[in-house]
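Trainee: quick one, what's the 3D model for this:
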Amino acid sequence: MKPENWDTLNPQDKQDVAQELLYSHRGKYIIHRALTVATETLKKVPEHLRESDTLEDMEILLEFFPKPDF
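Mentor: I've put the predicted structure just below:
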């Protein structure tokens, strides 16, 4: 959850909070879920309109952010 004092934090403190979240189980789950929804959505786009490089990069990131075991 966003800290109550988020709006008063300086940029470095916000980055620290974000990085801590990113590498936590919760953060990995959020990234995994977002990438899963995005890749599923992009795969539905007609191939000639699809951003294939972006889709492939997202698939790489999905391997780095696998669904966490809870």
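Trainee: ranges for the helices of this protein?
Mentor: Along the chain, counting by DSSP state H, helices occupy 11-22, 25-43, 52-64.
Trainee: give the buried residues for stretch 50-62.
Mentor: Neighbour-count burial for stretch 50-62 flags Met58, Leu62 (criterion: 16 or more other Cβ atoms under 10 Å). C-betas here are computed from N, CA, C, even on glycine.
Trainee: list of residues touching that stretch?
Mentor: Contacts to stretch 50-62, defined as Cβ atoms under 8 Å, 6 or more residues apart in numbering, come from residues Ile31, His32, Leu35, Thr36, Ala38, Thr39, Leu42, Lys43, Val45.
Trainee: ok so, going back, mean pLDDT and distance to Asn5 for the helices of the chain - can I get that in TSV?
Mentor: Shown next, in TSV, are the helices of the chain (pLDDT from 0 to 100; distance: least, Cβ to Cβ, whole Å):
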stretch	mean pLDDT	distance to Asn5
helix 11-22	96	9
helix 25-43	93	19
helix 52-64	92	30
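Trainee: out of these, which comes closest to Pro3?
Mentor: helix 11-22 (6.3 Å; Cβ to Cβ).
Trainee: which strands or helices does the closest one pack on?
Mentor: helix 25-43 (3 or more Cβ pairs under 8 Å, 6 or more residues apart in numbering; DSSP states H and E).
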